[in-house]
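Enquirer: have a look; sequence and predicted model below, questions after that.
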Amino acid sequence: MKIATSLLLSALGAAVLIANAQAGAPIDETRAVGADTVISVDLLNGELTVVGSDRAEFHISGELSDDAVGYRLVDRDNGLHFEEEREARVCTGIGRDCGAGEGARLTLEVPRNGILRVEGTNLNVDVRDLERNTEIKLINGAIAATNLKGVVKLNTVNGEIRSRGLDGRISLETVNGSIDDRDSSGTLIEYQTVNGDIESNTRAERIRLDNVNGEIELMLSNIDELQASTVGGEMEIIATLNTLAQVELSSVNGDIELAVPTTTSANFVISTSVGGRIENELSSDKPVRRDRFVNSSDLNFTLNGGTAQVRINTVSGDITLCAPDADQEPGC
């Protein structure tokens, strides 16, 4: 029995590293990992930089937060999990005393083709050069993401998202923050904001977007699908449509401006309700007023044979259709 117990404790010791540390103490830990290892990080308060590397190792360095009394590096769920150790009285995860001291300043290097999962509160994350799956969930924190591939899910409450060069199946979501996405591509990109603007020049062929109380500026090329809706916001879009593209745009209390080349082949179904006007600069077709007592209008027309489908509707918002201007800016 004593021998079995000793072997068990030895095995656990190899899987779990628990280190005590003083406030703001330095950390420099390296662990060999497989290429497919799931790396998970849970942090409260501070700054985290994650960089993909060609080495098959987990390397974390920098300084722990003032509130940390140590850290844990644990083998868990077919991967490696890192988190700071804190006294329960210092922070429960909720409340004003949470993360009152100087936050952590950490840099994490992981294999490029590993899987990364980060959760944090009062944490800003800068992540780059990963080629597989990346998932980040924050409360009170900003996300900067550069050159990520694969399945990318970035989610924050009370923070902005800035992304550059993403490629794959992408989801960007924020509450009380803006999204600025540049030079992304891939099979599908989804944007969702509440109380925040969205700016993008994505090359993804399928785009889905939901917004409340924010301005939207999109520069799109060669799209197959675009679904975008806003409440209390405006859309300005410039787009090139593929032959069988499907476009659906809607707003409540917001204007929509769509610019497409005059060579676009599409069938347009446009309507406004409870106020709002339609301006058509793509053809000579004019809107028809639907109700003589309420300023509501419809406009249906076909441009160059009409292979793509474009549907736009607003409630208390104007709709403008035009060709791109010389500067190729979003909108009309």
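Expert: Yep, that arrived. From a predicted model like this one, the values you see are computed outputs, not experimental measurements.

Enquirer: parallel or antiparallel, list what pairs with the helix or strand containing Phe58.
Expert: Element membership for Phe58, per DSSP states H and E: strand 57-63. Next to strand 57-63 in the sheet, as set by DSSP bridges, lie strand 26-32 (antiparallel), strand 104-111 (antiparallel).

Enquirer: for Leu73, find the nearest of those.
Expert: Of all the strands paired with strand 57-63, strand 26-32 sits nearest to Leu73, with 6.2 Å by C-beta to C-beta. (Glycine included, C-beta is placed from N, CA and C.)

Enquirer: any idea which helix or strand comes after the closest one?
Expert: Beyond strand 26-32 toward the C-terminal end (DSSP H and E), the next one is strand 38-53.

Enquirer: follow-up on the earlier one: tell me which of the strands paired with strand 57-63 sits most buried.
Expert: Of those, the one with the most neighbours on average (mean count of other C-beta atoms under 10 Å) is strand 104-111, at a mean of 21.

Enquirer: now do that strand, average pLDDT.
Expert: Strand 104-111 shows a mean pLDDT of 96 in the predicted model.

Enquirer: so that strand versus strand 38-53, what angle?
Expert: Comparing the axes of strand 104-111 and strand 38-53 via axes from the mean of the first three to the mean of the last three C-alpha atoms, to 10 degrees yields an angle of 80 degrees.

Enquirer: quick one: strands adjacent to the host helix or strand of Asn222?
Expert: Using DSSP H and E, Asn222 sits in strand 216-231. Partner strands and pairing direction for strand 216-231 (DSSP bridges) are strand 198-200 (parallel), strand 206-212 (parallel), strand 235-252 (parallel).

Enquirer: report the distance from it to the chain centre.
Expert: Per C-alpha atoms, centre = their mean, to the nearest Å, the displacement of strand 216-231 from the mean C-alpha position of its chain is 15 Å.

Enquirer: pull the CA atoms of that strand into PDB?
Expert: Taking C-alpha atoms only, strand 216-231 is exported to PDB below (Å, rounded to 0.1, in the frame of the first residue of the first chain):
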ATOM      1  CA  ILE A 216     -21.000  50.000 -39.500                       C
ATOM      2  CA  GLU A 217     -18.400  50.500 -42.300                       C
ATOM      3  CA  LEU A 218     -17.700  47.600 -44.600                       C
ATOM      4  CA  MET A 219     -15.400  47.300 -47.600                       C
ATOM      5  CA  LEU A 220     -16.200  43.900 -49.100                       C
ATOM      6  CA  SER A 221     -15.000  42.000 -52.200                       C
ATOM      7  CA  ASN A 222     -16.300  38.900 -54.000                       C
ATOM      8  CA  ILE A 223     -18.900  38.000 -51.500                       C
ATOM      9  CA  ASP A 224     -21.300  35.000 -51.700                       C
ATOM     10  CA  GLU A 225     -23.400  35.900 -48.600                       C
ATOM     11  CA  LEU A 226     -23.900  39.000 -46.500                       C
ATOM     12  CA  GLN A 227     -26.400  39.200 -43.700                       C
ATOM     13  CA  ALA A 228     -26.300  42.400 -41.600                       C
ATOM     14  CA  SER A 229     -28.800  44.000 -39.200                       C
ATOM     15  CA  THR A 230     -28.600  47.000 -36.900                       C
ATOM     16  CA  VAL A 231     -30.800  48.700 -34.300                       C
END
